[in-house]
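> Can you look at this prediction? I've put the sequence above it.
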Amino acid sequence: MNPDATALDILRQLIAIPSVNPNFTQPEDLQGEHRVAAIVAGILEDLGFVIDSLPTESKHCNLVARRGPAQPRFTLTFEAHLDTVGVKGMEIAPFAAEVRGGRVWGRGASDDKGPLAALLAALGGAKLQDLEPRGIEIKVIGAIREESGNEGAELLRNTGFETDWLVVLEPTELNVIVAHKGAFWFRIDVFGSAAHGSCPDQGLNAIEGMMEVIRELKLRVAVAARRISGSDLGSPTLNIGTIQGGSSLNIVAPSCGIEVDRRTLPGEEPDELEREMRAVLEAQVERGIIRSWSLQVIKSRPPFLGSPHTPLVRALENAAGAVGHPIGEQTVSWYSDAGVLSPCSRNTVVFGPGSISEAHTSRESISIDQLSAGTAVLRRFIEELPEAFPAAGQ
Ligand SMILES: [Zn+2]
């Protein structure tokens, strides 16, 4: 790679390769995480990185690259996800990477190709050769399948991954995220009995049963919010994202299903939440509101609870201040791979250019100013590492 390649050049290249998460319903030619990984691996190899693992069309693994001594004294890991959400309903050309109005437009511009491009450009311009004599290793992880439930991060954790510092790259508008909520996603189906629509008393309406279940779920989250009030992370939340029910206008609905996104706070154990839901559903059967039910947990991920007072946060803030983009610390509601990977690292933050309010939208974009500022901050941060680690013998 041209070491002077800008984040803008790299980002446009990455957007042009569709990499929709394969778990979302899409034609296969839009599933290209491995193609993005190959481009990123090529750029990293040109910068002296060794590729330990590379996904292919048939091999579902993360991209893992490293540069540094065989016996590192310190490892700094950057992690970004390679997948995007789907492109259905987008109001702009998703893969054209059009540059207009000081922004780059396309699927993944902010989430997560912009932050990844900023890192690659930062590495390209940084004096990486100064890191090795200090025993510093840099790792870059391109994680697969983040959007559908952090599968790549889970795979990485299961390989025994460990690092000293971890920067999870996501669009944070260059704020340092030190904590976020957990995510507990589930599906509930309830069943009643069909009957002729003119004789509802002879059936058991599952849609009406589900209305009771939803009322109970909302009540429980309100109780939890009162119990855990005062957290920096705000309150636990519940969103009924989808609902399907009934078979025909003139038939008593025999079944109804919902998918629910529950965001959790530290102290809310998934096992306990599941038990609580089972109890809610069983109570509706005992009351005769529904006949039976099923519960499927789709994703259960813990919150990320870092600290604003770590050497990593200080180092990023110093680097940002030095290049004229002072940054602040934040906690957020949305979920990232930091929830899965923070137990593998001494210090973890979520950080990157772009805005989460752009992510998953029908007109996704990123400001070129953010992209350049993110590159400058990351480059400075990498270049200042040797100062924290004097060469052996000094
Ligand atoms: Zn993301």
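Yes, it's here. Numbering: from 1, shown residues only.
> Now do the helices in this protein.
7-15, 33-46, 113-125, 151-158, 206-227, 270-286, 311-322, 338-341, 368-383, 385-388 (DSSP state H).
> Can you pull up the most central residue in this protein?
Closest to where the C-alpha atoms of the chain average out (Cα atoms, centre = their mean) is Ser336, at 3.3 Å.
> Hmm, Glu170 and it touching each other?
Yes - applying Cβ atoms under 8 Å, one finds Ser336 in contact with Glu170, separated by 5.1 Å. Placement of C-beta: from N, CA and C, glycine included.
> Could you tell me how far the residue nearest to the centre of the chain is located from Phe74?
Distance, Ser336 to Phe74, by Cβ to Cβ, to the nearest Å: 23 Å.
> Also Leu204?
Counting by Cβ to Cβ, the gap from Leu204 to Phe74 is 63 Å.
> what's near enough to touch Gly246?
Ala206, Ile207, Ala253, Pro254, Ser255, Cys256 (Cβ atoms under 8 Å, 6 or more residues apart in numbering).
> Would you list the phi and psi of the closest residue to the fourth one other than its chain neighbours?
When the adjacent residues along the chain are set aside, Pro254 lies closest to Ala194, with 4.1 Å between them (Cβ to Cβ, 6 or more residues apart in numbering). Here the main-chain torsion angles of Ala194 (degrees, to the nearest 10) amount to phi -70, psi 150.
> what's the burial count for Ala194?
Neighbourhood size, Ala194 [other Cβ atoms under 10 Å]: 18.
> surely it meets Ser248?
No - with contacts counted by Cβ under 8 Å, Ala194 stays clear of Ser248, the gap being 9.2 Å.
> Any chance you could list residues touching both of these two?
By Cβ under 8 Å, 6+ apart, no residue touches both Ala194 and Ser248.
> How about the stretch 251-394 of the chain: which residue is closest to the ion?
Per Cβ to the ion, Ala359 is where the stretch 251-394 of the chain lies closest to the ion, at 6.1 Å.
> show me the contacts for the closest residue in space to that residue that isn't next to it in sequence.
Nearest residue to Ala359, sequence neighbours excluded (Cβ to Cβ, 6+ apart): Asp111, at 3.5 Å. Contacts for Asp111 (Cβ under 8 Å, 6+ apart) come out as Thr84, Val85, Glu170, Pro171, Gly354, Ile356, Glu358, Ala359, His360, Glu364.
> Could you single out the nearest of the residues you listed to Phe78?
Glu170 (11.4 Å; Cβ to Cβ).
> Tell me the pLDDT of that closest one.
Listed pLDDT for Glu170 reads 98.
> these two touch, right, it and Gly352?
Yes - in this structure, Glu170 is within contact of Gly352 by Cβ under 8 Å, at 5.3 Å.
> Looking at these two, which has the bigger crowd around it?
More crowded of Glu170 and Gly352, by other Cβ under 10 Å: Gly352, with 32 against 29.
> Leaving out the residues flanking it, which one is nearest to that one?
Pro115 (3.1 Å).
> mind listing what that neighbour touches?
Contacts of Pro115 (Cβ under 8 Å, 6+ apart): Ala80, Leu169, Glu170, Pro171, Phe351, Gly352, Pro353, Gly354, Gly374.
> Surely Ser292 and Glu286 touch.
No - at 11.8 Å, Ser292 does not count as touching Glu286 under the criterion of Cβ under 8 Å.
> Just want to know which of the two has more residues nearby.
A direct count of neighbours by other Cβ under 10 Å for Ser292 and Glu286 places Ser292 higher, at 14 against 8.
> And that one, what's its pLDDT?
Turning to Ser292, the model gives it a pLDDT of 98.
> ditto for Gly393
43.
> Pick out the residue in the stretch 151-300 of the chain sitting closest to the ion.
Glu170 (4.8 Å).
> Can you give me the distance of that residue to Trp105?
For Glu170, the distance to Trp105 - Cβ to Cβ - is 19 Å.
> List the buried residues in the helix-or-strand element of the chain with minimal mean pLDDT.
When the helices and strands of the chain are compared on mean pLDDT, DSSP states H and E, helix 385-388 comes out lowest with a mean of 82. Buried positions in helix 385-388, judged by neighbour count with 16 or more other Cβ atoms under 10 Å: Leu385, Pro386.
> No further queries at this time; thank you.
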